[in-house]
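A.B. asks: sequence-free structure coming up:
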């Protein structure tokens, strides 16, 4: 076992020493130690050649590891220490770094894996060995534990017992070190259907490769993987409408190959494909395996098993019924077809393996499986990812013609509909007809404000409520390879918030143009612009509310009922239709409603309560026509927006980390 990282002596003693020569490690040719790997940062690590020598990680993209532990701050280097930079293992000999003399065992071992949940065993004593340059199919009837095995193999859902060993390392104990070397293609596509192939792969390259990768280097990597998967002629095709099912699956595979992972696992890559495409995908995987990768395919299809090196058959309960050559599967079970095999598996509870479990040579002591603390991405990485995600979100909106049409049409339609309110007084009480009692009436202005509040709540929520739930497979995969949920959500808020805010301003313009505006210039002298600010801010806040709901919902079918419920709740609690001021519990509950404060800001601008003041009636204390009250309402709306953003972040983090 490699020695553990040694702590540094007190920093004061190091600070007293004179400057020492250094050597740097990275992708750039100007380093003393050059590592040609797409995941290595241009300047990845620095070694101070002091006595004793000290290594520093230079805020690299994927981190530097010494003897299996990630470098956090300065770490002492002792002779024989292993320094891992991406997939490259180097050895410190006391004076310099050199390639590790011992070649690691590149085989993948699973030993006695078991997985229990709520008293039910989903995997039971699963063991096998996979050699490099091999293609393995995992088959079995529904409920046999195939997807559970996938989670245990990739470390996404560690087994409750047993061990996974790869590159002579325990996967669960060294997950942070090894996880970037594992490619995973889930059942769902992991690219946006609205984008073209070149766009999608380009954005993925920006997210998965180091931020200091040049555009030329990213373009080269994209072109390389597209060529491997025969996608070069499809680069300008839209993924959702101009590619076949097999081609879309190849785009997902290409996304994973951008970082050149030596282990690639696919969950039902041929699901929903016709037999011809099924065979085409499997032959493509065969070619990728022949380049030296370990490829594992979890599948229900048995049409192309002859392209595989191994077949792992799981029986109900997650037990290995067979592991070996695909040509011997049927004879092993004494069947003439695979449907007979599956039927036999469903009926039998005592099937055995063709061979005993694969023992591990001198296995290291198993470490307890505890909660993983994923290092936070560097600021440079987070800023780079935020810029990329904002551009990608904008590109998705622009490429979705139906969505773009709705974005443009909704404020126009709702603004025009708001003008069906009878009367020519607009938002002015002085221009409105007098009440039957001969007093100033706020009825017309109140109705117009109410319609604006409903329009804002509808536009903001509708724009965002499908975003996270529909992108969950993409989001979870990107989170697994280092994307921060906070950055992901911030990019959504930035794009959708900006779009909905503009929608709010536009709907207010269409609702007010040609009509009298608020009397006396409104509450703070901005007139119609005060209304536009309040409605735009409500749209923005409701977009954040929609994102929070989207992170909580489990399917797109749940979005429509949630949308209707949220809009109705905003209308009731706003105070526009039902008085909430002075009503115990209802008034306090309404303070949590963004529409309550937006309506109060608009009411303050228009001075809706002026007739009530003249009559000596009790006023809604937050809707009084003063600059202080308007500012208070907008401030509370901002506070609610921040609070909803915090809830959305927590919901997004939970969504990213929840079991599949």
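C.D. replies: Everything's here; your move. As the structure is a computational prediction, the values presented were derived from the model and not from experiment.
A.B. asks: tally of neighbours for residue 494?
C.D. replies: 15 (other C-beta atoms under 10 Å). Yep, even glycine has a C-beta here, placed from its N, CA and C like the rest.
A.B. asks: cool, and residue 642?
C.D. replies: 12.
A.B. asks: element containing the closest residue in space to residue 270 that isn't next to it in sequence, please.
C.D. replies: What sits nearest to residue 270 in space, not counting adjacent residues and going by C-beta to C-beta, 6 or more residues apart in numbering, is residue 278, at 4.2 Å. Element membership of residue 278 [criterion: DSSP states H and E] is helix 275-289.
A.B. asks: before we move on, what about residue 183?
C.D. replies: Assigned by DSSP H and E, residue 183 falls in strand 182-185.
A.B. asks: so what does that strand touch, helix or strand wise?
C.D. replies: helix 146-154, helix 245-257, strand 263-267 (3 or more C-beta pairs under 8 Å, 6 or more residues apart in numbering; DSSP states H and E).
A.B. asks: if we can go back for a sec, show the pLDDT at the residue nearest to residue 270.
C.D. replies: What the model reports as pLDDT for residue 278 is 76.
A.B. asks: hang on, it packs against residue 303?
C.D. replies: Yes: checked against C-beta atoms under 8 Å, the pair residue 278 and residue 303 is within contact range at 5.2 Å.
A.B. asks: shaky segments in the stretch 301-450 of the chain?
C.D. replies: 348-379, 435-440 (pLDDT under 70).
A.B. asks: the strand holding residue 183: which residues count as buried?
C.D. replies: Within strand 182-185, the residues that qualify as buried are 182-185, counting by 16 or more other C-beta atoms under 10 Å.
A.B. asks: could you dump those residues to JSON lines with distance to residue 411 and pLDDT?
C.D. replies: Below are these laid out as JSON lines (distance: C-beta to C-beta, whole Å; pLDDT from 0 to 100):
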{"residue": "182", "distance to residue 411": "45", "pLDDT": "89"}
{"residue": "183", "distance to residue 411": "43", "pLDDT": "89"}
{"residue": "184", "distance to residue 411": "41", "pLDDT": "90"}
{"residue": "185", "distance to residue 411": "40", "pLDDT": "88"}
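A.B. asks: okay if I get the residues you listed as CSV plus distance to residue 321?
C.D. replies: Output for the buried residues of strand 182-185, formatted as CSV (distance: C-beta to C-beta, whole Å):
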residue, distance to residue 321
182, 26
183, 27
184, 25
185, 25
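A.B. asks: so for the helix or strand hosting residue 217, what gets flagged as buried?
C.D. replies: Using DSSP H and E, residue 217 sits within helix 215-228. Within helix 215-228, the residues that qualify as buried by neighbour count (16+ other C-beta under 10 Å) are 217-218, 221-222, 225-226, 228.
A.B. asks: show me which pair in those is furthest apart.
C.D. replies: Spatial extent of the buried residues of helix 215-228 (C-beta to C-beta) is set by the pair 217 and 228 at 16.9 Å.
A.B. asks: next SSE after the helix or strand hosting residue 116?
C.D. replies: Per DSSP H and E: residue 116 is located in strand 108-117. Downstream of strand 108-117, the first helix or strand assigned by DSSP H and E is strand 120-130.
A.B. asks: hmm, who's touching that following strand?
C.D. replies: Contact with strand 120-130 is made by 107-116, 136, 145, 148-149, 152, 159, 162, 294, 296, 310, 312, 314, 317-320, 323, 357-358, as judged by C-beta atoms under 8 Å, 6 or more residues apart in numbering.
A.B. asks: next: stretch 499-512.
C.D. replies: With C-beta under 8 Å, 6+ apart, stretch 499-512 has contacts from 397, 407, 410-412, 414-416, 418-419, 426-427, 448, 451-452, 455-456, 459-460, 463-464, 528, 531-532, 535-540, 542-543.
A.B. asks: try it again with 7 Å
C.D. replies: 397, 407, 410-412, 414-416, 418-419, 426-427, 448, 452, 455-456, 459-460, 463, 528, 531-532, 535-536, 538-540, 543 (C-beta atoms under 7 Å, 6 or more residues apart in numbering).
A.B. asks: okay, now the domains of this protein?
C.D. replies: 11-99, 108-347, 443-657 (automatic domain parsing).
A.B. asks: direction included, what does the strand holding residue 183 pair up with?
C.D. replies: Looking at strand 182-185 with DSSP bridges, its partner strands are strand 263-267 (parallel).
A.B. asks: next, the buried residues of the strand it pairs with.
C.D. replies: Buried residues in strand 263-267 (16+ other C-beta under 10 Å): 263-267.
A.B. asks: and of these, the nearest to residue 39?
C.D. replies: Of the buried residues of strand 263-267, the one sitting nearest to residue 39 (C-beta to C-beta) turns out to be residue 263, at 14.2 Å.
A.B. asks: thought the closest one was touching residue 184?
C.D. replies: No: counting by C-beta atoms under 7 Å, residue 263 stays clear of residue 184, with 9.2 Å between them.
A.B. asks: give the burial count for the nearest residue to residue 79 once chain neighbours are set aside, as a bare number.
C.D. replies: Nearest residue to residue 79, sequence neighbours excluded (C-beta to C-beta, 6+ apart): residue 94, at 4.1 Å. For residue 94, the count of nearby residues is 11 (other C-beta under 10 Å).
A.B. asks: for residue 94, helix, strand, or coil?
C.D. replies: coil (DSSP: H, G, I helix; E, B strand; the rest coil).
A.B. asks: report pLDDT for it.
C.D. replies: The model's pLDDT for residue 94 equals 82.
A.B. asks: equivalent analysis for the one 4 residues further on, please.
C.D. replies: At residue 98, the model reports a pLDDT of 79.
A.B. asks: quick one: buried residues of the helix or strand where it lies?
C.D. replies: Using DSSP H and E, residue 98 falls within strand 97-99. Neighbour counts using 16+ other C-beta under 10 Å place residue 97 of strand 97-99 among the buried residues.
A.B. asks: over to stretch 460-472?
C.D. replies: Under 16+ other C-beta under 10 Å, the buried positions of stretch 460-472 are 460-472.
A.B. asks: and these, which is closest to residue 166?
C.D. replies: Distances from residue 166 to the buried residues of stretch 460-472, taken by C-beta to C-beta, are shortest for residue 472, at 27.5 Å.
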